[in-house]
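Undergrad: Mind looking at a prediction? Sequence and model below.
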Amino acid sequence: MSKHTDVLDNVIIKFAGDSGDGMQLTGNQFTNTTALFGNDLSTFPDFPAEIRAPQGTLAGVSGFQLHFGSVEIYTPGDHCDVLVVMNSAALKANLTYLRKGGTIIANIDGFDPKNLRLAGYADGKNPLEDGTLEGFNVIQLDVSKMTRHALEDSGLGTKEIDRAKNMFVLGFLYWMYNRPMEFTVRFLEEKFKSKPDILAANLKVLKAGYYFGDTREEFTTRYSVGPAKMPPGIYRNIMGNQATAIGLVVASEKSGLPIFYGSYPITPASDILHELSRYKNFGVRTFQAEDEIAAICSAIGASFGGQLGVTASSGPGIALKMEAMGLAHMLELPLIICDIQRGGPSTGLPTKTEQADLLQALYGRNSEAPMPVLAAATPSDCFYTIFEACRIAIEFMTPIIFLSDGYIANGAEPWQFPKSSDMPEIKVNFLKEKNAGDKFLPYKRDEKLSRPWAVPGTKGLEHRIGGIEKQHETGNISYEPLNHEFMVKLRAEKVERVADFIPLQKLDSGNDKGKLLILGWGSTYGAIKSACIKARAEGLDVSHAHVRYMKPLPKNLGEILYNFEHVLIPEMNTGQFIKVIRDKYLIPAEGFNKVQGIPFTATEILEKIKEVLKK
Amino acid sequence: MEPTQAPEKFTSKDLITDQDVRWCPGCGDYSILKQAQTIVPDLGLARENIVFISGIGCSSRFPYYMETYGMHSIHGRATAVASGLKASRPELSVWIVTGDGDGLSIGGNHMIHLLRRNFNVNVLLFNNQIYGLTKGQYSPTSEEGKVTKSTPMGSVDHPFNPIALCLGADGTFAARSMDRDPKHLQAMLRRAYDHKGTSFLEIYQNCNVFNDGAFEVYTEKTSKKNETLFLEHGKPLIFGDTGNKGIKLDGFIPVVVDIPEGSSPNDLWIHDERDRLKANILARFFDNPSKPNHYPRPFGVFYVEDRYCYEDRMGDQITQVLSQKGKGKLDDLLRGKEIWEIQ
Ligand code: SF4
């Protein structure tokens, strides 16, 4: 039988298996190959909190969803078209995410009685055989057997052989979706440079998977997803945490301030530490501190010394840093605090995503200690947002919070990256001499209400700063009641004044007046955007604005809001931004909330749009 | 390279700020400030390169009274702030001023990590065995059974032995001095400065308001000679009114022996600052002085060790990468490893 190729405009694949099955690696390989092929894409890695949860169980299932297409892609997709399952637990955990009529590629080795039992299937029940999967297109592969077969002469032990299983699946999918294998070949050559026998084994199994599809008669259909019509230019693939790290380095170079990064390991922020620790040739200093508090305090020390002090964490760590953030607010030193949000409260859902730290970021410190807050919308937007955070922190001599979350931190998308010359310089003015005749006033302010940065080593500007309330301009300790009130308001006013130096809010899509505005922030961007496109295609009157500057809010945001009959605010929390909006603009905005540790789907938002417009 | 200029000279007077010193009259902190202001001008440092960082507590007001750079940070965290500053600006002379509550209770974690990392900084731990600023609760160095506002029936906490803690955390310099002995305190401050690595100097400091006389037996003329043991490198351990008592080691057991007048016994323990094992024994001379047959309390340098400093290795790694790879190029970083073009 001859093989034919179907042309599709987008496909969603979910790879699922045991956390030891290498599904993240497989997903990433397919993603990078697909990116290089020119598809637009979006990914969603979804892994368990335990590094090696009990094998074969539902708790141990690790997933990676990839949405790619020849059309523009904004989300990892709602329901997948293809579900790759390495064992029965992976099927059980993910079947609900497969669309009707979708394809299941099942490794039958993972459906033996032991695996079925571990996955919680009743005795003697096997979903591959009992009709559960009726209506789906099921492809059964004995991946283990074929991998072992391919490597029988390799001289490797069974354990090492079995570790190459995921390459068989990857090869098979490369065949099925007409992808070249070169990227993965290069990757493997690099990875196993010093282990030639493992390299040879992986390459052999990868190709075996590919040729298996090619030669076996039962596989008749291949799919082709052409390159996307994205704006012309040079692209790379980028994950949010990577973009954050790169953005920091670019801001460091553009400001001439070396980075000092104080951090304590925490999911999902640690990758920024890993990434930055590799950039020592940009003068980056990374300090793995003894705890979250030391992490931020060491960054404050570095900022005092005239560096770009940065710290990052996730919700629980940010909670620990709050007192020191108050100190930074009081000292008025530039400091970048990255909160890569995850599911909470407490330890919560460490590897899942959430947007529930907004109120913590806005109001978390003792007393009145406001600071600017910026939120990134997509993986590549992390780059621009963190760069902007650095600019504001330096220009305004203020700590600033950068919000990202597990979804975009680990998610990937193609990025038409800028040239370094496209990025603006960030001006730093270290004070070199006294600023008030023969006196130095460390808290004298400029038109931004920003104070001078006089760093140790500067002759004649010796001074002391601290967390105690200070007298206006001199910075001397002051317990004077009216001075305190004045200073509290002055520091708050400085933060508000940032609004004069940021862009006005724009609509992302839709008319600037109308029935419904979706007001989003952070990682809900892709889902809202997709839903709005679909809604307008159905003739619905809906617009979308996405806020990056969470504090201070853009000056024209109110005008935009007042132009719509309804304002809907989707958030992955129980309603936080909505409190801010209702409080500030006194409008009856409506919330749409999801706190399941997983992002919104475009469909969910579309349904909600319809519901609101029916009212 | 430009010729390095000798730093401009300054005097103790130049270190006095325009702020009123607000410690209680009679507080031991005054003496410590005075001794620091006395020795700092002689260290050959440029005043602008000196930074005092403190946490919270009575002692932590110190930076406000030193005309250098300074930061009065938050409770317990001076060590962490100083770590970041020293890591990124190794050329600065960084001094940490802390107390028994600030440095050993709320900031205990940072303290031990500072010590093991061995940043080249100086820690002045003002130990008054009480919480002064919060008006008199027992501290982690208060003796067992201490009756305070928060422990009306006596504290059930067992106290820290700061020198033993420092040695336990692999500190590379451990010394003790007292507010009431200006000469010794000055000498110890100098030694702390001279040591490259984290210099941990515990200073017995009298809080005359909430814990007056806590160290009386060591500081008062009548008892000082019998209750203290001043350590000097290469010299025998001798104490007592007329130098009439000495310490001998019987295996690992220290034994107090009488020295008959006119004799100079040759089997006394000779202090060796580089001997870690013996430093640990000395650190355990920590009995409550009211106990019979207690050892005298040692003052001076217990232990010194040369070990690499964190900031140096951190800088070395950067130099190494730069020499191997050259200065990073932003456009390469932005571009990453794999790119594709859309026409
Ligand atoms: S309370 Fe004690 S330690 Fe504090 S300033 Fe007064 S005397 Fe000194």
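TA: Received, thanks.
Undergrad: State the distance from residue A:15 to residue B:77.
TA: Per Cβ to Cβ, to the nearest Å, residue A:15 is found 44 Å from residue B:77. (C-beta placed from N, C-alpha, C; glycine too.)
Undergrad: Same check on residue A:345?
TA: Distance from residue A:345 to residue B:77, by Cβ to Cβ: 25 Å.
Undergrad: For the residue of the stretch 501-615 of chain A found nearest the ligand, grab phi and psi.
TA: Residue nearest to the ligand within the stretch 501-615 of chain A: residue A:551 (39.3 Å; Cβ to the nearest ligand atom). With angles defined as degrees, to the nearest 10, residue A:551 sits at phi -160, psi 130.
Undergrad: Quick check: it touching residue A:375?
TA: No. Residue A:551 lies out of contact with residue A:375 (Cβ atoms under 8 Å); the separation is 9.8 Å.
Undergrad: In terms of neighbours, single out the busier of these two.
TA: The neighbour comparison of residue A:551 against residue A:375 (other Cβ atoms under 10 Å in any protein chain shown) goes to residue A:375, with 30 against 21.
Undergrad: returning to that earlier point: what's the nearest residue to the residue of the stretch 501-615 of chain A closest to the ligand if we skip its chain neighbours?
TA: Counting by Cβ to Cβ, 6 or more residues apart in numbering or on different chains, residue A:373 is the residue found nearest to residue A:551 once chain neighbours are left out, at 4.3 Å.
Undergrad: what's near enough to touch the one you found?
TA: By Cβ atoms under 8 Å, 6 or more residues apart in numbering or on different chains, the contact set of residue A:373 is A:358, A:361-362, A:400-401, A:403, A:550-551.
Undergrad: hmm, back to that, between residue A:15 and residue B:77, which has more neighbouring residues?
TA: Shown here are residue A:15 and residue B:77; by other Cβ under 10 Å, residue A:15 has more neighbours (33 against 29).
Undergrad: Can you tell me how far that one is from the ligand?
TA: 63 Å (Cβ to the nearest ligand atom, to the nearest Å).
Undergrad: helix, strand or coil for the residue nearest the centre of chain B?
TA: Centroid-nearest residue in chain B, with Cα atoms, centre = their mean: residue B:201, separated by 2.3 Å. Classification of residue B:201 using DSSP: H, G, I helix; E, B strand; the rest coil returns strand.
Undergrad: That one touches residue B:123, doesn't it?
TA: Yes. Using Cβ under 8 Å, residue B:201 makes contact with residue B:123 at a distance of 6.5 Å.
Undergrad: my guess is residue A:440 meets residue A:434, correct?
TA: Yes. Here residue A:440 reaches residue A:434: they are 4.6 Å apart, a contact under Cβ under 8 Å.
Undergrad: any residues in contact with both of those two?
TA: A:460-461.
Undergrad: These two: who's more crowded?
TA: Taking neighbours as other Cβ under 10 Å, residue A:440 and residue A:434 compare with residue A:440 leading, 20 against 13.
Undergrad: list the contacts for the more buried one?
TA: With Cβ under 8 Å, 6+ apart, residue A:440 has these contacts: A:431, A:434, A:454, A:460-461, A:463.
Undergrad: Next: residue A:567.
TA: Listed by Cβ under 8 Å, 6+ apart, the contact partners of residue A:567 are A:516-517, A:519, A:561, A:581, A:587, A:589-590.
Undergrad: where's it, which helix or strand?
TA: strand A:564-571 (DSSP states H and E).
Undergrad: ok, now residue A:311?
TA: Going by DSSP H and E, residue A:311 is in strand A:308-313.
Undergrad: Look through the stretch 301-450 of chain A and state the residue closest to the ligand.
TA: For the stretch 301-450 of chain A, Cβ to the nearest ligand atom, closest residue to the ligand: residue A:327, 21.9 Å.
Undergrad: Now for that residue: which residues touch it?
TA: A:300, A:467, B:73-74.
Undergrad: among these, which two are most distant?
TA: Of all pairs drawn from these, the widest gap by Cβ to Cβ lies between A:300 and A:467 and measures 10.5 Å.
Undergrad: Identify the contacts common to those two.
TA: In contact with both residue A:300 and residue A:467: A:327, A:331, B:73, using Cβ under 8 Å, 6+ apart.
Undergrad: Look at the first one and report its pLDDT.
TA: What it means is residue A:327. What the model reports as pLDDT for residue A:327 is 98.
Undergrad: can you state the direction angle for the helix or strand in which it is found and strand A:308-313?
TA: Applying DSSP H and E as the criterion places residue A:327 in helix A:315-331. Angle of helix A:315-331 versus strand A:308-313, following axes from the mean of the first three to the mean of the last three Cα atoms, to 10 degrees, is 150 degrees.
Undergrad: would you put the C-alpha positions of helix A:315-331 in PDB?
TA: Extracted C-alpha coordinates of helix A:315-331, given in PDB (Å, rounded to 0.1, in the frame of the first residue of the first chain):
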ATOM      1  CA  GLY A 315       5.800  32.300  46.100                       C
ATOM      2  CA  PRO A 316       7.100  30.700  49.300                       C
ATOM      3  CA  GLY A 317      10.500  32.200  48.900                       C
ATOM      4  CA  ILE A 318       9.100  35.600  48.100                       C
ATOM      5  CA  ALA A 319       7.100  35.400  51.300                       C
ATOM      6  CA  LEU A 320      10.400  34.900  53.200                       C
ATOM      7  CA  LYS A 321      12.000  37.900  51.400                       C
ATOM      8  CA  MET A 322       9.400  40.400  52.300                       C
ATOM      9  CA  GLU A 323      11.100  42.000  55.200                       C
ATOM     10  CA  ALA A 324      14.200  42.600  53.100                       C
ATOM     11  CA  MET A 325      12.100  44.000  50.300                       C
ATOM     12  CA  GLY A 326      10.800  46.500  52.800                       C
ATOM     13  CA  LEU A 327      14.400  47.400  53.600                       C
ATOM     14  CA  ALA A 328      15.200  47.900  49.900                       C
ATOM     15  CA  HIS A 329      12.200  50.100  49.700                       C
ATOM     16  CA  MET A 330      13.400  52.200  52.600                       C
ATOM     17  CA  LEU A 331      17.000  52.300  51.400                       C
END
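Undergrad: Follow the chain on from that helix and name the next helix or strand.
TA: Counting by DSSP H and E, the next helix or strand C-terminal to helix A:315-331 is strand A:335-341.
Undergrad: Could you look up the SS state of the residue nearest to residue A:85 when sequence neighbours are not counted?
TA: Nearest residue to residue A:85, sequence neighbours excluded (Cβ to Cβ, 6+ apart): residue A:91, at 4.3 Å. Secondary structure, three-state DSSP: residue A:91 is helix.
Undergrad: ok, so what distance separates residue A:91 from the ligand?
TA: Applying Cβ to the nearest ligand atom to residue A:91 and the ligand gives a distance of 68 Å.
Undergrad: Confirm that residue A:84 sits in a helix.
TA: No. Residue A:84 sits outside any helix when classified using three-state DSSP, being strand.
Undergrad: Can you verify my assumption that it contacts residue A:166?
TA: No. Counting by Cβ under 8 Å, residue A:84 does not reach residue A:166; the two are 9.6 Å apart.
Undergrad: if we can go back for a sec, the strand holding residue A:311: partners in the sheet, and parallel or antiparallel?
TA: Using DSSP bridges, strand A:308-313 pairs in its sheet with strand A:259-263 (parallel), strand A:335-341 (parallel).
Undergrad: thinking again about what came up before, neighbour count: residue A:300 and residue A:467, which is higher?
TA: residue A:300 (29 against 20).
Undergrad: Doesn't the more buried one belong to a strand?
TA: No. Going by three-state DSSP, the assignment for residue A:300 is helix, not a strand.
Undergrad: That one touches residue B:84, doesn't it?
TA: Yes. Using Cβ under 8 Å, residue A:300 is in contact with residue B:84, at 6.7 Å.
Undergrad: who touches both of those two?
TA: With Cβ under 8 Å, 6+ apart, residue A:300 and residue B:84 have common neighbours residue A:309.
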